[in-house]
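Asks: using only what follows, build the 3D model:
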Amino acid sequence: MWERIKHMLIKEFIQIFRDPRMKGVIFLMPIIQLLVFGYAVTTDVKNVATLVHDLDNSIASRELVSRFVKSGYFNVVEYTDSEDRVRELMDRGKVGAVLRMSKGFEDDLRAGRTSQLQVIVDGTDSNTAGIVLGYSSKIAGQFSTELLTQRILRSSGPLGQTGRVVVETRAWFNENLESRNFYVPGVIAIIVMLITLMLTSMAVVREKEIGTMEQIMVTPITSAEFILGKTVPFALIGFADVILITLIGVFWFEVPIRGNLALLFVATALYLLTTLSIGLFISTVSQTQQQAMMSTFFFYLPAVLLSGFMFPIANMPPLVQWLTYLNPLRYFLVIIRGIFLKGVGPSILWPQLLALAVMGFLTLWLAAKRFHKTLA
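Replies: Numbers count the residues shown, from 1 in each chain. Here you go, the predicted model:
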């Protein structure tokens, strides 16, 4: 068995690297796309999932929160008085901003002292975080101006000292709000998907077109060995691309890696299992390489658009948001950004890891069911 698989692996590597242009696709294209997407920008932000940490719970603090909600930029998902809850939701990526007001917020305003509103944002996406901080400053500034105006109108004598709101901001995970720190890890996921889909989707159909399927039919190799021999080389290429882009991201773009590298490779293995299986399934249902290529891009482009890489999933229509749960790229983006920027581990990322494992094995089973060692 292992001898037959060995010869299949040798055959696939020879076939892959025989064409000099294929070497460019495998190794040069990831570098080019990394440089392009590493400096990309994002779109406008709205409906930011917001956690309110209001320790004062006064009329003034509730009024300020109401201003944030009415702006349309913030969507309050929860109120809490626990610091641990704030950290948990930020680590899990459930909220993108936290509005924190300490006890005595309203008393300071009434006494003419400065009241502080702390806005904590998820700095993983630097562009989004910067926009959120801009929204926060504007809303708090308007609130402070209205307080000053009301005090002037009510004053019957000389204007005394007036209270105001000062925004104290803090970005978690991506302190300098550099956009490349958000995009470079995502490029790894996109490049790996593109390379593995392109190579694997044409693996079986190519054998039919060049006429080597007849030769394989008369050999003692089994279907499982054939599939294994077709997928392992592409998995190794995928790992090579991950290492290549990671090295460039760390040493060229200076993107930090705060998490466990072993967890990154485990997650990559599950992700490769999914993408390779999808590509193999496409190959089994295609009759020509042109069909396989078109089917690959028919899957790839929507997968990128619905992954959250360029456009926030929260801004999409509800029906489209449900479709994103069928997208493996969505889960791997959460994993790779969590490992690079947040340094979180399996206790946080296990839902995404489980989703990739289920999708990978299910898709591989479907591909194996579709594959027959025949010319049909």
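Asks: in this structure, which spans are strands?
Replies: For the chain, the strands defined by DSSP state E cover 48-54, 74-79, 97-101, 114-122, 164-172.
Asks: which one of those lies nearest to K138?
Replies: Among the strands of the chain, the nearest to K138 by CB to CB is strand 164-172 (9.6 Å). Yep, even glycine has a C-beta here, placed from its N, CA and C like the rest.
Asks: center of the chain - which residue?
Replies: The centre of the chain sits closest to L333, judged by CA atoms, centre = their mean, with a distance of 2.7 Å.
Asks: right, and that residue touches M310 too?
Replies: No: if you go by CB atoms under 8 Å, L333 and M310 don't touch, sitting 10.7 Å apart.
Asks: show me where the stretch 1-150 of the chain has helices.
Replies: For the stretch 1-150 of the chain, the helices defined by DSSP state H, counting those that start in this stretch cover 2-17, 20-23, 29-37, 59-70, 83-92, 105-110, 126-154.
Asks: for T288, which of these is the nearest?
Replies: Closest to T288 of these, according to CB to CB: helix 2-17, at 17.5 Å.
Asks: OK, contacts around G360?
Replies: The contact partners of G360, by CB atoms under 8 Å, 6 or more residues apart in numbering, come to L270, Y271, L273, T274, S277, P328.
Asks: what's the answer for I339, then?
Replies: P185, I257, R258, G259, N260, L263, L264, A267, L349.
Asks: now with 7 Å?
Replies: Taking CB atoms under 7 Å, 6 or more residues apart in numbering, we find I339 in contact with G259, N260, L263, L264.
Asks: low-confidence ranges, the stretch 151-300 of the chain, go.
Replies: Residues of the stretch 151-300 of the chain meeting the criterion pLDDT under 70: 152, 154-164, 166, 177, 207-224.
Asks: residue ranges of the helices in it, please?
Replies: Ranges of helices in the stretch 151-300 of the chain, per DSSP H, counting those that start in this stretch, are 179-201, 203-210, 213-217, 223-251, 261-285, 289-305.
Asks: my read: L349 touches G338, true?
Replies: Yes: with contact defined as CB atoms under 7 Å, L349 counts as touching G338 (5.6 Å).
Asks: look at these two and report which has more neighbours.
Replies: G338 (26 against 22; other CB atoms under 10 Å).
Asks: what about that one, distance to M90?
Replies: Distance of G338 to M90, given as CB to CB, to the nearest Å: 12 Å.
Asks: show me the chain divided up by domain.
Replies: Domain segmentation of the chain under automatic domain parsing yields 2-37+178-370, 48-172.
Asks: now do the contacts for S283.
Replies: T200, S201, M202, A203, V204, V205, A292.
Asks: biggest separation within those residues, which pair?
Replies: T200 and V205 (10.6 Å).
Asks: the two: which is more packed in?
Replies: Counted by other CB under 10 Å, T200 and V205 do not tie: T200 has more neighbours, with 28 against 22.
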